[in-house]
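>>> Pasting the sequence and the predicted coordinates here, then a few questions.
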Amino acid sequence: MKLQELAQRLECLLEGAPGVEIHGVAGIEQAGPGEVTFLANRRYAPNLKTTRASAVFVEDGVEVEREAGGPALAKLRTKNPYLSFAKAIELFYEAPKYAPGIHATAVVAKSARIGAGAHIGPYCFVDEDAVIGENAVLHSFVTIYRGARIGTSFFAHAHAVVREFCRIGDRVILQNGVIIGGDGLGYAKNPDGTWYKMMQSGPAVLEDDVEVQANACIDRATVGETRIGRGTKIDDLVLVGHASKVGGNSMLCGQVGLAGSTRIGENCILAGQVGTAGHLTVGDGAVITAQSGVPNDVPAQTLYSGYPAVENREWLRMMAALRRLPELQKRVGELEERLATGKE
């Protein structure tokens, strides 16, 4: 593809030779001739001096410096270089396509309804009264329990599971090993101290355009439902506890854990290994930084950090004071010694 065509298809302003042939995309350090890269984080700007890429997606106004005598580097000006780069990948990488049909080793119940154009791969199992929409793909070893309802253009990678009566919207992606609607941690104490298992009767519900990545678990509810809002993205090894609700277009990063009945608003980001106590609310637009523990509600449009999680600026002050603790301890010890010996 010529550079001019790439610029036109992605609505970028081209600064450079329009006839340069582009055959792929790559990161700024790995890119070579004929490839396009991007600059979204200014800390990587020095790499523009030495990158071997033929073109780079950059914001308007960003100056691109090159080493003397180095090859030319065309600029593709765009408001969002990372988004443009993401769209460029799709132009050069063709994802595998799956022909409609049911593999001979798959087991599909007679009462299940499978939409037109669906692909049911090897060793999949679709239980009684399940409904799967048009153009769905069940890759291999995928299990759909009884009474599940799944929308169009669903994609389940190998070993994904959708449990009984769960509801999945359109264009939902489940990566390998995802469990939707497994039993939540619901037990009551018997008089003799043993645990009585509570029936987990409420389904998990995933709205349209949700993606759940590898080995994450969205538990079903004891009563009511667990719900993931439209467009939300859930990373590897995340646990969403029973009866929790996550608003639309939020992101839960790797190893986040939500205890039961947590409420996460819309457009929130919980960075890696954030944990929440149950029955609390995180307001719309809140961001919680990595490894924070959240025991209480978090207001909307705030940045929280630490354990127990507090407003980020307060946490930074606390960490600064903590770093001075050895010095302060030494000074207190010296003062105590002076007082004990009567020295001024």
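Perfect, thanks for sending it. Numbering: from 1, shown residues only.
>>> contacts, neighbours, all on C-alpha from now
Noted.
>>> Averaged pLDDT, stretch 293-310. What do you get?
Averaging pLDDT along stretch 293-310 gives 97.
>>> Pull the distance from that stretch to the chain's centre.
Relative to its chain's centre, stretch 293-310 lies at 20 Å (C-alpha atoms, centre = their mean, to the nearest Å).
>>> Distance across it, terminal residue to terminal residue?
The first and last residues of stretch 293-310 sit 9 Å apart, counting by C-alpha to C-alpha, to the nearest Å.
>>> buried sites along that stretch?
293-300, 302-306, 309-310 (16 or more other C-alpha atoms under 10 Å).
>>> show me what contacts residue 76?
Each residue near residue 76 by C-alpha atoms under 8 Å, 6 or more residues apart in numbering is listed here: 7, 12-15, 55-58.
>>> and these, which are buried?
7, 12-14, 55-58.
>>> quick one: which of those is nearest to residue 162?
Of all these, residue 162 sits closest to residue 57, with 39.7 Å by C-alpha to C-alpha.
>>> if I look at that closest one, how far off is residue 51?
Following C-alpha to C-alpha, the distance that separates residue 57 from residue 51 is 13 Å.
>>> pretty sure residue 88 contacts residue 25?
Yes - look at residue 88 against residue 25 with C-alpha atoms under 8 Å: they come within range, at 7.2 Å.
>>> And the two? Which one has more around it.
Shown here are residue 88 and residue 25; by other C-alpha atoms under 10 Å, residue 25 has more neighbours (26 against 19).
>>> mind checking how far that one is from residue 92?
On the measure of C-alpha to C-alpha, residue 25 and residue 92 end up 7 Å apart.
>>> Repeat that for residue 330.
Residue 330 is 62 Å from residue 92, by C-alpha to C-alpha.
>>> can you check residue 226 too?
38 Å.
>>> confidence score at residue 344?
pLDDT, read off for residue 344, is 59.
>>> any chance of the buried ones among the contacts of residue 76 in a markdown table, plus pLDDT?
Below are the buried ones among the contacts of residue 76 laid out as a markdown table (pLDDT from 0 to 100):
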| residue | pLDDT |
| --- | --- |
| 7 | 96 |
| 12 | 95 |
| 13 | 95 |
| 14 | 95 |
| 55 | 95 |
| 56 | 96 |
| 57 | 96 |
| 58 | 95 |
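>>> So which of those sit within helices?
residue 7 (DSSP state H).
>>> Check the gap between residue 260 and residue 173 for me.
Residue 260 sits 24 Å away from residue 173, going by C-alpha to C-alpha.
>>> And those two? Which one has more around it.
For residue 260 versus residue 173, neighbours defined as other C-alpha under 10 Å are more numerous around residue 260 (26 against 23).
>>> Residue 275 is in contact with residue 293, isn't it?
Yes - taking C-alpha under 8 Å as the definition, residue 275 is a contact partner of residue 293 at 5.0 Å.
>>> buried stuff in the helix or strand of the chain with the lowest mean pLDDT?
Ranking every helix and strand in the chain by mean pLDDT, DSSP states H and E puts helix 325-341 at the bottom, with a mean of 89. Counting neighbours by 16+ other C-alpha under 10 Å, one finds that helix 325-341 has no buried residues.
>>> just the CA coordinates of that helix, formatted as PDB?
Provided in PDB are the C-alpha atoms of helix 325-341 (Å, rounded to 0.1, in the frame of the first residue of the first chain):
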ATOM      1  CA  LEU A 325      10.500   7.800  58.500                       C
ATOM      2  CA  PRO A 326      14.100   6.300  59.100                       C
ATOM      3  CA  GLU A 327      15.500   9.900  59.300                       C
ATOM      4  CA  LEU A 328      12.700  11.000  61.700                       C
ATOM      5  CA  GLN A 329      13.100   7.900  63.800                       C
ATOM      6  CA  LYS A 330      16.800   8.700  64.100                       C
ATOM      7  CA  ARG A 331      16.100  12.300  65.100                       C
ATOM      8  CA  VAL A 332      13.500  11.200  67.700                       C
ATOM      9  CA  GLY A 333      16.100   8.800  69.200                       C
ATOM     10  CA  GLU A 334      18.700  11.500  69.400                       C
ATOM     11  CA  LEU A 335      16.200  13.900  71.100                       C
ATOM     12  CA  GLU A 336      15.200  11.200  73.600                       C
ATOM     13  CA  GLU A 337      18.900  10.500  74.400                       C
ATOM     14  CA  ARG A 338      19.600  14.200  75.000                       C
ATOM     15  CA  LEU A 339      16.500  14.600  77.300                       C
ATOM     16  CA  ALA A 340      17.600  11.500  79.200                       C
ATOM     17  CA  THR A 341      21.100  12.900  79.800                       C
END
